[in-house]
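> Sequence and predicted structure are below.
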Amino acid sequence: MAVTKEFAEYLATREKMQIPAPWDMTREEHRILTLPNPEFIGVPEEVFSVEHKIIAGPNSYLPIRIYRPSSEPNLPVMLYIHGGGWVIGNMDGFEPTVRSLVNKANIVIVQVQYQKAPEHPFPTPFNDCYAALEWIVNNQESLKIDASKIGVGGDSAGGNLAAAVAIKARDTKLVDLAFQMLVYPCTGYDGTLPSAINNAEGYGLTSKVMRWFESQYAGTKEDFNNPYAFPAVCKDFSGLAPAVVVTAEYDPLADDGRVYAGLLEGGGVKVIFKEYEGAIHGFNALAGVAPKVAKDVQEFLAHSINSFMGRS
């Protein structure tokens, strides 16, 4: 099907804004111009509570937010990692998404503000996110969560980081994760995949910008071939947490998610996969643009992660 009316109008609005390419402006200008727009991301739902904390990361203090749907103890928890190409983005831009998932899935969510490339390239953002998972595991009693139902999730570059954290959690035996939630994730760096070619321009995120983001994040050949940087290069997918993978039809990264879902299934991992027709990259965080679609995907994600835990 064609791009839906809401997303077509959104793309037209973005075109009129004439935002320069990221390489044509400073990092500061790029980050300012891409700050969350309430008209696009929507209005955050009320949740029972939001707690702001600072935790110690490997080489920096990391802000986190802990969202609760109620005072009920022993709820599942998800470490949520926001998107932005490892270069831009912040927790504020995903407040509506996170709060919606908290209420719809009836889970606790911990969101982390990791450090950004290119000042802090791989492995720093990855290490920050893994440290946040370690903090959750080590503070399960004070968090009053169900330690057998810990998951990870994220959108776009956040999906990349979530998938990578899941691989390391398996490798280190830190925790037996209950689920992964990967929303249009960047899992590899193959610009020759069909979606990277067919959706290269005209749908918001472009393939050229995606390759630029990757170059800011991974600086060496060794980085590009490290599964903690790009999970699709992993040689062994066995023993990973069950995953719900969502993609958008008009997204350069659509095949990243599709291919990764296949790799997980090939490793014996249970996967729930869904591609949203007519949607573009970022639609999960565009509740102000297409509220019905955002609600649908968040209900689908909530149902899927609960099904992995026997809660549906």
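Done, it's in.
> just so I have it, where are all the helices in the stretch 201-312 of the chain?
In the stretch 201-312 of the chain, the segments counted as helices under DSSP state H, counting those that start in this stretch are 207-217, 221-224, 254-266, 291-308.
> hey, where'd the strands end up in this structure?
49-56, 61-68, 75-81, 108-112, 145-155, 179-183, 243-250, 271-280 (DSSP state E).
> Take those and write them to JSON lines, including mean pLDDT.
Shown next, in JSON lines, are those (pLDDT from 0 to 100):
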{"stretch": "strand 49-56", "mean pLDDT": "98"}
{"stretch": "strand 61-68", "mean pLDDT": "98"}
{"stretch": "strand 75-81", "mean pLDDT": "98"}
{"stretch": "strand 108-112", "mean pLDDT": "98"}
{"stretch": "strand 145-155", "mean pLDDT": "98"}
{"stretch": "strand 179-183", "mean pLDDT": "98"}
{"stretch": "strand 243-250", "mean pLDDT": "98"}
{"stretch": "strand 271-280", "mean pLDDT": "98"}
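> For the helices of the stretch 201-312 of the chain, give me JSON lines that also has mean pLDDT and mean neighbour count.
Quick note: C-beta positions are derived from backbone N, CA and C, even for glycine. As requested, the helices of the stretch 201-312 of the chain are exported to JSON lines (pLDDT from 0 to 100; neighbours: other C-beta atoms under 10 Å):
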{"stretch": "helix 207-217", "mean pLDDT": "98", "mean neighbour count": "19"}
{"stretch": "helix 221-224", "mean pLDDT": "96", "mean neighbour count": "13"}
{"stretch": "helix 254-266", "mean pLDDT": "98", "mean neighbour count": "21"}
{"stretch": "helix 291-308", "mean pLDDT": "98", "mean neighbour count": "19"}
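> ok, the residue nearest to residue 85 when sequence neighbours are not counted to residue 86 distance?
The spatial neighbour of residue 85 that comes closest, neighbours along the chain excluded (C-beta to C-beta, 6 or more residues apart in numbering), is residue 213 at 3.4 Å. With distances taken as C-beta to C-beta, to the nearest Å, residue 213 is found 6 Å from residue 86.
> Name the residues contacting each of those two.
residue 157 (C-beta atoms under 8 Å, 6 or more residues apart in numbering).
> Reformat the helices of the stretch 201-312 of the chain as TSV; add distance to residue 193.
Conversion of the helices of the stretch 201-312 of the chain to TSV gives the following (distance: least, C-beta to C-beta, whole Å):
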stretch	distance to residue 193
helix 207-217	9
helix 221-224	15
helix 254-266	4
helix 291-308	22
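> Local confidence estimate at residue 312?
At residue 312, the pLDDT value in this model is 68.
> Determine which stretch of the strands of the chain is the most buried.
A comparison of these by mean neighbour count, using mean count of other C-beta atoms under 10 Å, puts strand 179-183 on top with a mean of 29.
> Kindly export that one (C-alpha atoms) in PDB.
Extracted C-alpha coordinates of strand 179-183, given in PDB (Å, rounded to 0.1, in the frame of the first residue of the first chain):
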ATOM      1  CA  PHE A 179      12.100 -10.800  26.200                       C
ATOM      2  CA  GLN A 180      13.500  -8.400  23.600                       C
ATOM      3  CA  MET A 181      11.400  -5.600  22.000                       C
ATOM      4  CA  LEU A 182      13.000  -4.400  18.800                       C
ATOM      5  CA  VAL A 183      11.200  -1.700  17.000                       C
END
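> nearest residue to residue 163 other than its sequence neighbours?
Spatially, and ignoring its direct neighbours in sequence, residue 163 is nearest to residue 231 (4.1 Å; C-beta to C-beta, 6+ apart).
> quick one, what contacts residue 151?
Residues near residue 151 by C-beta under 8 Å, 6+ apart: 76-79, 177-181, 241, 305, 308.
> could you redo the last one with a cut-off of 7 Å?
76, 78, 177-181, 241, 305 (C-beta atoms under 7 Å, 6 or more residues apart in numbering).
> Give me the spatial nearest neighbour of it, chain neighbours excluded.
The spatially closest residue to residue 151, leaving aside those adjacent along the chain, is residue 179, at 3.9 Å (C-beta to C-beta, 6+ apart).
> Understood, closing this out.
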